[in-house]
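S.K.: Build me a model:
(chains A and B)
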Amino acid sequence: MNKRSLPIVALGLTAALALTACASGSEDTGSGGVNAEGQTLTVWIMEGTNPDSEAFFDSVGEAFTDETGAELDVEFVQWADAHDRFVTSIAGGTTPDVAETGTTWTAEFADAGALAPIGDFVDEAGLSDDLVEGLVESGTYEDELYGMPWYAGVRSLVYRADIFEELGLEAPTTWDEIVAAGEAVKAAHPDMMPFAVPGDAEFPVYPWVWGAGGEVATQEGDEWVSGLDSAESQEGIGFYTGLATEHGFSSAGATTWKETDVLDNFAQGNIAMALMGSWTPAAIVEKNAELEGKFAATPIPGKDGGIAPSVLGGSHLSMFETAENKELAWEFVKLMTTGEFADQWGQQSGYFPGQASLLAETMESDDPLVAPFATQLVEGGGTVPVTPKYGAVQAKKTTNTAIQAILSGQKTVEQATADAAAEMNEIMNG
Amino acid sequence: MTNTLQAPPVAQGTSAPRAAGGPGRTKNLLTRTRPWLLLAPALAVLAVLLLWPLVRVFLFSLQDYGLREIVSGEPNWIGLANFGEIFTSPELYTVVLPNTVGFAVLAVAGTVAFGTAVAVLMASLGPFWRTVVGSAIMIAWAMPAVTGTYVWVWIFDADRGIFNETLQALGLQDEPVNWFTNRYTFYAIVLLNVIHHGFPFVAITILAGLLGVPKEMLEAAEMDGAGPWRRFWRIIVPNLKQVFAVVIILSTIWDFKVFAQVYLMPGGAGSNREALNLGVWSYVESFGQNRYGFGSAIAVLLTLVLLGITVVYVRTMLKEDEL
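M.R.: Model (predicted):
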């Protein structure tokens, strides 16, 4: 089944279930139906997404107690060691009731049997048609929803608007225009990097694969088949790495860069164009206030125009099997991911809400650093293969290895993509 | 010998007056088991803290142990399949082992040689300069591995590192070179980093040994016409044999297991496959992919290898002691 037709079928299914749920009528368990006086709900939230998390969760805690009578105990966890903490707590049976899980972890923990399915709760609350599709896709494992879409971010093409204006350039809409703009920047500002191609980053690669009509991997029956070695994917990866190897738009150092290095160098004013996340503009201005208003974003162009899909990152709120009072846990999840608090979280953190109706409101913004990302999110959001094995592919850095080998001249595009596809197939079907 | 011969009569003599309580044999048993009884609490603690985890690691190494098994708590025995996979992995022989062993040999040799040189220098200094040099190398030692690694990464950074800028200023290279993409230059940088971080321990330990070498021996050798080179190899080195053995064993163990200094380098976390060493490889292959059984199997093998190296060293050391 095709990667992108899967969520549509899933959506249709959940919508049908929602209709039957409504028909059977469940008025009595509406909001405020849970009374959990004296209970405490433990929650893990990642640190650093929202600069003012403490204050935010203080007010969430008050609202939660008002509604259910239960106390809220929020613990902040660092992204860097969160995965290890989840694993050890799963091993010891000490998982929290609800936790923020990165979109690529949800399927993995669900596969391990640690998460509780939440599809029924979502249907009952009539939310199944109001969730952002890409997040539903990554939160679904074996046709069950385990991760409640909370917030999302997406990468787009970020460029130096001041330099584009100075050179009379428009935001590129095709691959040729990217090259033309790069050449112009290179001629006028030889000390700048026209387009950064980081060699140790996976997510900035896939838009070129998809934009050329290729696939990362597709599921055929029980088998996953990597599409990285298809002619289309090779054309996309060849163009992307060619920006560095043929056109000299990147640098020798970028061969081993991670995405954080791209961010640092963009903030230092060394880069004219790069693929960066919707959460980075705030960080760029924070690192270098001089750049405020001097850069803008545009959706990633497909080969001959249109929008190339880009991986939709973000987080789910997941309920663990160890949660004693699942109704109470759901009340918290609903409070966080819909309405006022979801909207507030998005505004404070610079991410987009996972509720479709809230996202539609954000779309109306005309901020040059919000609107293009929102367009990318809605019209060009993709996801990496939804299988718990994909985490192993990422741990092995299969795609990064291919890009780095091409950039450093160790392998040709054909050789590197063929090796990467073979490795991906072996891991995902192993 | 005479002591042991005299002991039994004394023991019997003391037990005879108290014989009413029981025969001498019980007493003998008690004497023999008393040390073990006294050691028992410590041994029990060690067994719980050290032995049980070791046994667990060994048990995991015989299973396909992942997140699912952690949740269910069910064992999943697969015999020696993990070990089979390790030994049949082509990457192990072409990349991982050559990198690990080659690096360990060079790093141990470099650390010990440089550390000894510094120790000899310090031994010949007066108290003031010895304190100055001692404090300076202590700073290199005190620096956390992570911080030290980033400093070296900055020095060799392709676009803005001082090393490339110097080479370009001298006209030795036209374009910036990324030193982290080549296996040999990558490990040359790791080598600098590890020696820089490891030599202070060697220097201080050997200095302590050097100061303990009797002055009379050195003076006598000098009177007999031995030059400094000869005095070093013929008197100091034999005298410091145990110190060298300890320093070499510890350095070997540390340099075999080097992880952070490689993992934190650009491309060192797995995206540059030519730069994998045992530490990073086992992390990427096992813990990164939630394959804890496979990781345990690697840990078991690494323990056996290091144990083997240590046994060989300790035996040579003890043998020469007897002579």
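S.K.: Okay, domains of the chain per the record?
M.R.: Went with chain A since none was named. In terms of domains, chain A is parsed into A:6-153+A:312-379, A:155-310+A:384-428 (source: automatic domain parsing).
S.K.: ah, I was thinking of chain B
M.R.: Taken from automatic domain parsing, chain B resolves into B:1-12+B:22-52, B:91-322.
S.K.: among these, which is the most enclosed?
M.R.: Mean neighbour counts were compared across the domains of chain B using mean count of other C-beta atoms under 10 Å in any protein chain shown; the top stretch is domain B:91-322, at a mean of 17. Using the backbone N, CA and C atoms, a C-beta is placed for each residue, glycine as well.
S.K.: does that domain come close to chain A?
M.R.: Yes - residues of domain B:91-322 are located near chain A by C-beta under 8 Å from any C-beta of the partner chain, namely B:157-160, B:175-178, B:180-181, B:266-267, B:269-274, B:284-285, B:288-290.
S.K.: A:Val158 is nearest to which of the domains of chain B?
M.R.: domain B:91-322 (19.6 Å; C-beta to C-beta).
S.K.: Just give me the residue closest to the centre of chain B.
M.R.: Nearest to the geometric centre of chain B sits B:Ile253, at 2.3 Å (C-alpha atoms, centre = their mean).
S.K.: From B:Val311, how far out is it?
M.R.: According to C-beta to C-beta, to the nearest Å, B:Ile253 stands 13 Å off from B:Val311.
S.K.: ok so, going back, which residue is the nearest non-sequential neighbour of the residue nearest to the centre of chain B?
M.R.: Closest residue to B:Ile253 apart from its sequence neighbours, by C-beta to C-beta, 6 or more residues apart in numbering or on different chains: B:Leu306 at 5.5 Å.
S.K.: Can you give me every residue that contacts that neighbour?
M.R.: B:Thr252, B:Ile253, B:Phe256 (C-beta atoms under 8 Å, 6 or more residues apart in numbering or on different chains).
S.K.: Am I right that it sits in a strand?
M.R.: No - under DSSP: H, G, I helix; E, B strand; the rest coil, B:Leu306 falls outside any strand and is assigned helix.
S.K.: Now do the strands in the stretch 251-400 of chain A.
M.R.: In the stretch 251-400 of chain A, the strands defined using DSSP state E, counting those that start in this stretch lie at A:271-277, A:295-298, A:310-319, A:352-353, A:381-382.
S.K.: quick one: B:Val194 is in a helix?
M.R.: Yes - assessed with three-state DSSP, B:Val194 lies in a helix.
S.K.: pLDDT wise, what is it at?
M.R.: At B:Val194, the model reports a pLDDT of 95.
S.K.: That one and B:Gln261 touch, don't they?
M.R.: Yes - counting by C-beta atoms under 8 Å, B:Gln261 is a contact partner of B:Val194 at 5.8 Å.
S.K.: on that earlier part again, quickly, which of the domains of chain B bottoms out on average pLDDT?
M.R.: Minimum mean pLDDT among those: domain B:1-12+B:22-52, a mean of 72.
S.K.: Return the backbone torsion pair for A:Thr106.
M.R.: phi -60, psi -50 (degrees, to the nearest 10).
S.K.: Tell me who's in contact with it.
M.R.: Counted by C-beta under 8 Å, 6+ apart, A:Thr106 has contacts A:Leu115, A:Ser138, A:Gly139, A:Tyr141, A:Tyr146, A:Gly147, A:His316, A:Ser318.
S.K.: Tell me the one among these nearest to chain B.
M.R.: A:Leu115 (10.1 Å; C-beta to the nearest C-beta).
S.K.: What is the neighbour count of that closest one?
M.R.: Close neighbours of A:Leu115, defined as other C-beta atoms under 10 Å in any protein chain shown, add up to 28.
S.K.: Over to the one 5 residues further on?
M.R.: Residue crowding around A:Asp120 was assessed by other C-beta under 10 Å; the count is 14.
S.K.: next one: A:Ile237
M.R.: By other C-beta under 10 Å, the residues close to A:Ile237 number 27.
S.K.: check which helix or strand covers it.
M.R.: Using DSSP states H and E, A:Ile237 sits in helix A:231-245.
S.K.: Say whether chain B is contacted by that helix.
M.R.: No - under the criterion of C-beta under 8 Å from any C-beta, chain B is not reached by helix A:231-245; the shortest gap measures 11.3 Å.
S.K.: Taking strand A:271-277 as reference, get the angle to that helix.
M.R.: Inter-element angle recorded for helix A:231-245 and strand A:271-277: 140 degrees (by axes from the mean of the first three to the mean of the last three C-alpha atoms, to 10 degrees).
S.K.: what packs against helix A:231-245?
M.R.: Packing contacts for helix A:231-245, counted by 3 or more C-beta pairs under 8 Å, 6 or more residues apart in numbering or on different chains; DSSP states H and E, involve helix A:175-188, helix A:206-211, helix A:398-407, helix A:413-428.
S.K.: mind redoing it with 6 Å?
M.R.: Judged by 3 or more C-beta pairs under 6 Å, 6 or more residues apart in numbering or on different chains; DSSP states H and E, the packing partners of helix A:231-245 are helix A:206-211, helix A:398-407, helix A:413-428.
S.K.: Name the residues of the last one that come out as buried.
M.R.: Same thing as helix A:413-428. When burial is assessed from 16 or more other C-beta atoms under 10 Å in any protein chain shown, helix A:413-428 yields the following buried residues: A:Val413, A:Ala416, A:Thr417, A:Ala418, A:Asp419, A:Ala420, A:Ala421, A:Glu423, A:Met424, A:Asn425, A:Ile427, A:Met428.
S.K.: Check those against A:Glu232 and report the nearest one.
M.R.: A:Thr417 (10.8 Å).
S.K.: For the closest one, give me the pLDDT.
M.R.: Reading off the model, A:Thr417 has pLDDT 97.
S.K.: wait, isn't it in contact with A:Ser226?
M.R.: No - shown here, A:Thr417 and A:Ser226 do not form a contact pair, counting by C-beta atoms under 6 Å, at 9.1 Å.
S.K.: Please name the nearest non-neighbouring residue to the residue of the stretch 51-200 of chain A found nearest chain B.
M.R.: In the stretch 51-200 of chain A, the residue that lies nearest chain B is A:Ala112 (3.7 Å; C-beta to the nearest C-beta). Counting by C-beta to C-beta, 6+ apart, B:Leu67 is the residue found nearest to A:Ala112 once chain neighbours are left out, at 3.7 Å.
S.K.: Test my guess that that neighbour contacts A:Ala110.
M.R.: No - with contacts defined as C-beta under 6 Å, B:Leu67 does not count as touching A:Ala110, sitting 10.4 Å away.
S.K.: Let me see the contact set for the closest residue to A:Glu177 other than its chain neighbours.
M.R.: Nearest residue to A:Glu177, sequence neighbours excluded (C-beta to C-beta, 6+ apart): A:Pro301, at 7.1 Å. Neighbouring residues of A:Pro301 by C-beta atoms under 6 Å, 6 or more residues apart in numbering or on different chains: A:Pro172, A:Thr173, A:Thr174.
S.K.: returning to that earlier point: could you report the neighbour count for the residue of the stretch 51-200 of chain A closest to chain B?
M.R.: Burial measure for A:Ala112: 20 neighbouring residues, criterion other C-beta under 10 Å.
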